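Engineer: Prediction below, plus the sequence it came from.
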Amino acid sequence: MNALLVLTNCPEQSIAETIAHAVVASGQAACVNILTPCQSVYRWQGKIETATEIPLLIKSTAENYAALEKIICQHHPYAVPEIIALPITQGLPAYLQWISEENMP
């Protein structure tokens with residue numbers, strides 16, 4: 001199993017909740033943590049921007065990444081949403097097994 005932690009940020013709570021429910025209901029993620037709002041500072045189209053965003057921590061697998069990315073993009077309003085996948089190389093074996101079991105291939 002190739003567990004992943006996928007990160008994305010949403011501009012609104014309702015969008016974060018929509019994405020979280022969509023990826024779990026579709027079987028492309030075992031769990032999503034919706035975090036409290038944070039302040040993001042970034043460069044976009046040559047200007048420094050500041051925005052309040054809602055981070056999502058999505059537990060999935062490498063096998064489901066393409067479908068997961070597609071669902072996020074379908075529900076995300078940004079032209080280029082932040083979607084970053086990090087491999088989970090260590091973790092409680094029972095938890096990693098649960099991630100694997102809850103993700104549909």
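Structural biologist: The structure has been received and is ready for your questions. These numbers come from a predicted model, not from an experiment. Numbering: from 1, shown residues only.
Engineer: Which helix or strand lies directly C-terminal to the helix or strand harbouring Asn9?
Structural biologist: If you go by DSSP states H and E, Asn9 is part of strand 3-10. As assigned by DSSP H and E, the chain's next helix or strand after strand 3-10 is helix 13-25.
Engineer: Specify the angle between that next one and strand 3-10 in degrees.
Structural biologist: For helix 13-25 against strand 3-10, the angle by axes from the mean of the first three to the mean of the last three C-alpha atoms, to 10 degrees is 160 degrees.
Engineer: and the residue nearest to Leu86 when sequence neighbours are not counted, how many residues sit next to it?
Structural biologist: Nearest residue to Leu86, sequence neighbours excluded (C-beta to C-beta, 6 or more residues apart in numbering): Leu5, at 4.7 Å. Glycine gets a C-beta too; all of them are placed from N, C-alpha and C. Residues lying near Leu5 (other C-beta atoms under 10 Å) number 16.
Engineer: Give the bridge partners for Leu5, please.
Structural biologist: Counting by DSSP bridges, Leu5 is bridged to Lys59, Leu86.
Engineer: gap between it and Ala51?
Structural biologist: From Leu5 across to Ala51, the span is 22 Å (C-beta to C-beta, to the nearest Å).
Engineer: residues near the nearest residue to Ile34 once chain neighbours are set aside, how many?
Structural biologist: Nearest in space to Ile34, with sequence neighbours left out and distances taken as C-beta to C-beta, 6+ apart, is Ala16 at 5.0 Å. Per other C-beta under 10 Å, the neighbour tally for Ala16 reads 23.
Engineer: any idea where the helices of the protein begin and end?
Structural biologist: Listed in chain order, the helices of the chain (DSSP state H) span 13-25, 65-75, 93-102.
Engineer: between the shortest one and strand 3-10, how big is the angle?
Structural biologist: Put simply, helix 93-102 runs at 70 degrees to strand 3-10, going by the same axes, to 10 degrees.
Engineer: ok, and what's touching helix 93-102?
Structural biologist: Contact with helix 93-102 is made by 1, 3, 27, 29-31, 59-61, 88, as judged by C-beta atoms under 8 Å, 6 or more residues apart in numbering.
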